[in-house]
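1. Quick check, what structure comes out for this input:
(2 chains)
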There are 2 protein chains.
Amino acid sequence: MSLLIVGTVAFDELITPFGESGKIIGGSATYASLSAANLYQDISIVSIIGEDFPEAKLELMRSKGIDTSGIKRVKGGKTFFWKGKYHNDMNSRDSLATELNVLEDFDPILPEKAREAEYLMLGNLTPAVQMKVLKQMSKRPKLVIMDTMNFWMDIAMPELKEVLQEVDLLTINDEEARQLSGEYSLVKAAAKIFEMGPKYLIIKKGEHGALLFHGKDLFYAPALPLEEVYDPTGAGDTFAGGFIGHVSNCDEVNFDTLKQGIIYGSALASFCVERFGTEKLIDLQRSDLHERVMQFIDLTHFDMNLG
Amino acid sequence: MSLLIVGTVAFDELITPFGESGKIIGGSATYASLSAANLYQDISIVSIIGEDFPEAKLELMRSKGIDTSGIKRVKGGKTFFWKGKYHNDMNSRDSLATELNVLEDFDPILPEKAREAEYLMLGNLTPAVQMKVLKQMSKRPKLVIMDTMNFWMDIAMPELKEVLQEVDLLTINDEEARQLSGEYSLVKAAAKIFEMGPKYLIIKKGEHGALLFHGKDLFYAPALPLEEVYDPTGAGDTFAGGFIGHVSNCDEVNFDTLKQGIIYGSALASFCVERFGTEKLIDLQRSDLHERVMQFIDLTHFDMNLG
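-> As a prediction, this is how the structure comes out:
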């Protein structure tokens, strides 16, 4: 068993109504792996960084059981950097800087062990890069999950659709599901997306929770209403990481383990947004995570006497 | 035991992407009472109509166990009329006509029996009218629930706050909760609204479900994702009617009965939007309602092994 996460390892700089983060580590693979590591410890990352990325942060990942040997460091290169400013409602943001740097030439080469991973998460990257990863797998993983975004639908729909044919589970938000399917109803959107390849679909709705579709089966996990959202950056990747971390740990793909994965992912995401960046994911105690999961159980539980 | 519903009995004319309804009956008290009647049969309405409102529709209400003697018919008057057009996403609409007519002079006089109701729903009306109803109650009902909207917050906030002091449970949508409280976080908004009087708060989030707050207790009932929303008119009033109908039927106000009420309200609202107007609420079978409630149970159910 092992879990391979392919995505970005990056620098972020965040401005929120609560303050400024300065330059901190971010990226989809960073958030996803640090989230998954709370549930599962046989994780590899494939990504690319520049000379400026601190070795201490890679060491931190390794201390959590994350194999970083698939993270290529480009000599003289600069790490992918994103700077953004959140508006007062924390639901919308402006990008102030997006410097692709070494990411522009990302041509993923999977280490031998990574090719044999049984669980694969393709973070939000160009569909061509996602496809290159899939082609290097020595055998079909038990579960391939993939994240994408409207940007790739706008500029690379044919390539995106090719990758989708090879994917078991797609995670996108509600607007992206509507764009990808051309259907406003999410039930109809799911049916159309199933025709494109995936057997499972997770629609992320932010503060409104997440929906899991599989055939006619449907699961709605609400998000925990929070007193304060301090920094929403990485919440989606944290969710996906917690999800695949739990499923990898169970080593069983069925509607029950996927539902549990969504609860773990939601719980981890609810921690993630309480601080800047990955801070909260790193020093999270198992008991805190369990307590949060119990809150999710209470949140939707009701007894019904249908007499 | 009895349930008093005060609100509008009206004509609507609806244009949706699926067709036009023509002139049909609507209004908050109409939707709420026809919804509640699926769960409870000792219901009275207090409202006002013109000479043009068909007696056959009142007779239909009576056949469902709804006492219509508190609906004042104004000779020579015209019934409140609203015409609206929904956009393609069904989440936004334009008002094409709003003719208050007899509603403009609505001075509610409660019949003797209505004054003794143990459950009271104040539909969305001017706060001054809501207060007049409260003052006529011969004893404090076991539960007073109230609906309102941003319009009254804009033009009658002081009167609205006076009524709120007398109310046990407020139902509003998320934007209205933010406007009323001045807080973006719904958790913080709820705390502020509790200081205004209500002990319970239901935040309606449409396709994203509904939240129930009480002290530190929290319940999130997702909405059932639907293949098609045919006509969303009256969904909020149908929800509130189903909610108070169930609580009246239990004759017990606690967090468990309120949670069940939210599930019944959500289930009835999910039927309401499947056809124009009140059509689906009128010929609903008990078995269909139970089946839908079972779908809500399945929708959020998960088993968690916290090892």
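2. So which residue is dead centre in chain A?
-> Centroid-nearest residue in chain A: residue A:237, 2.5 Å away (criterion: C-alpha atoms, centre = their mean).
3. Make sure that one is actually in contact with residue A:34.
-> No: using C-beta atoms under 8 Å, residue A:237 is not in contact with residue A:34, being 9.4 Å away. (Glycine included, C-beta is placed from N, CA and C.)
4. Which positions in chain A make contact with chain B?
-> Counting by C-beta under 8 Å from any C-beta of the partner chain, chain A comes close to chain B at A:88-90, A:184-188, A:205, A:208-209, A:211, A:218-222, A:225-229, A:256, A:259-260, A:263, A:290, A:293-294, A:297-300, A:302-306.
5. Would you mind giving me the PyMOL syntax to select the buried ones in the residues you listed?
-> To isolate the buried members of the residues of chain A next to chain B in PyMOL, using 16 or more other C-beta atoms under 10 Å in any protein chain shown:
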select buried, chain A and resi 90+184+185+186+187+188+205+208+209+211+218+219+220+221+222+225+229+259+260+263+293+299+300+302
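6. for the residue lying closest to residue A:286 once chain neighbours are set aside, what are its contacts?
-> In space, and not counting its chain neighbours, residue A:286 is closest to residue A:38: 7.6 Å by C-beta to C-beta, 6 or more residues apart in numbering or on different chains. Residues near residue A:38 by C-beta atoms under 8 Å, 6 or more residues apart in numbering or on different chains: A:242, A:245, A:268, A:281, A:284, A:286, A:289.
7. residues making contact with stretch A:283-299?
-> By C-beta under 8 Å, 6+ apart, the residues outside stretch A:283-299 that reach it are A:38, A:221-222, A:224, A:263-264, A:266-268, A:270-271, B:218-220, B:304, B:306.
8. next one: stretch A:87-94
-> For stretch A:87-94, using C-beta under 8 Å, 6+ apart, the contacting residues are A:16-17, A:84-86, A:206-207, A:229, A:232, B:184.
9. Spell out, range by range, the helices that occur in the stretch 51-200 of chain A.
-> For the stretch 51-200 of chain A, the helices defined by DSSP state H, counting those that start in this stretch occupy A:55-63, A:112-115, A:127-136, A:150-155, A:157-164, A:174-181, A:186-195.
10. So what's the residue count around the residue lying closest to the residue nearest to the centre of chain A once chain neighbours are set aside?
-> Spatial nearest neighbour of residue A:237, excluding adjacent residues (C-beta to C-beta, 6+ apart): residue A:31 at 3.8 Å. Using other C-beta atoms under 10 Å in any protein chain shown, residue A:31 has 34 neighbouring residues.
11. hang on, residue A:31 is in a strand, isn't it?
-> No: counting by DSSP: H, G, I helix; E, B strand; the rest coil, residue A:31 falls outside a strand, being helix.
12. Verify the stated contact: it with residue A:269.
-> No: counting by C-beta under 8 Å, residue A:31 stays clear of residue A:269, with 9.4 Å between them.
13. Which residue does the stretch 51-200 of chain A have closest to chain B?
-> residue A:187 (4.6 Å; C-beta to the nearest C-beta).
14. For the closest residue to that residue other than its chain neighbours, list the residues it contacts.
-> Computed as C-beta to C-beta, 6+ apart, the closest residue to residue A:187 that is not its neighbour in sequence is residue B:227, at 4.6 Å. Residue B:227 sits next to A:185, A:187-188 when contact means C-beta under 8 Å, 6+ apart.
15. just residue A:54 next, same as before
-> The neighbours of residue A:54, taking C-beta under 8 Å, 6+ apart as the test, are residue A:25.
16. any low-confidence regions in the stretch 201-307 of chain A?
-> For the stretch 201-307 of chain A, the stretches with pLDDT under 70 are A:307.
17. Show me the helices in it, by range?
-> Assigned by DSSP H, counting those that start in this stretch, the helices in the stretch 201-307 of chain A fall at A:235-250, A:255-272, A:279-282, A:286-300.
18. Could you look over the ones you listed and pick the most buried one?
-> helix A:235-250 (a mean of 28; mean count of other C-beta atoms under 10 Å in any protein chain shown).
19. mind checking how far the nearest residue to residue A:256 once chain neighbours are set aside is from residue B:211?
-> In space, and not counting its chain neighbours, residue A:256 is closest to residue B:303: 6.4 Å by C-beta to C-beta, 6+ apart. Noted for residue B:303: a distance of 24 Å to residue B:211, by C-beta to C-beta, to the nearest Å.
20. same deal with residue A:145?
-> For residue A:145, the distance to residue B:211 equals 29 Å [C-beta to C-beta].
21. repeat for residue A:80
-> In terms of C-beta to C-beta, residue A:80 sits 38 Å off from residue B:211.
22. Near residue A:92, how many other residues are there?
-> 8.
23. same thing with the one 4 residues further on?
-> By other C-beta under 10 Å, the residues close to residue A:96 number 12.
24. contacting residues for the closest residue in space to it that isn't next to it in sequence?
-> In this structure, residue A:96 finds its nearest non-sequential neighbour in residue A:83, 4.4 Å apart by C-beta to C-beta, 6+ apart. Applying C-beta under 8 Å, 6+ apart to residue A:83 gives the contacts A:12-15, A:95-98.
25. By neighbours, which of these wins?
-> Going by other C-beta under 10 Å, residue A:14 tops the contacts of residue A:83 with 26 neighbours.
26. ok, for that residue, nearest residue in space, not its chain neighbours?
-> Distances taken as C-beta to C-beta, 6+ apart place residue A:21 nearest to residue A:14, at 4.2 Å, with adjacent residues excluded.
27. I'd like to know how far the one you found sits from residue A:32.
-> From residue A:21 to residue A:32 the distance is 19 Å (C-beta to C-beta).
28. Which one's more surrounded, these two?
-> Set residue A:21 next to residue A:32 and count neighbours by other C-beta under 10 Å: residue A:32 wins out with 35 against 20.
29. measure that one to chain B for me?
-> Taking C-beta to the nearest C-beta, to the nearest Å as the criterion, residue A:32 is separated from chain B by 22 Å.
30. so what's that residue scoring on pLDDT?
-> Residue A:32 carries a pLDDT value of 98.
31. again with residue A:90
-> For residue A:90, the predicted pLDDT is 76.
32. which residues touch residue A:257?
-> A:246-247, A:250.
33. Which one of these is nearest to residue B:151?
-> residue A:246 (45.8 Å; C-beta to C-beta).
34. quick one, what contacts that closest one?
-> Neighbours of residue A:246 in contact, by C-beta under 8 Å, 6+ apart: A:39-40, A:257, A:260-261, A:264-265.
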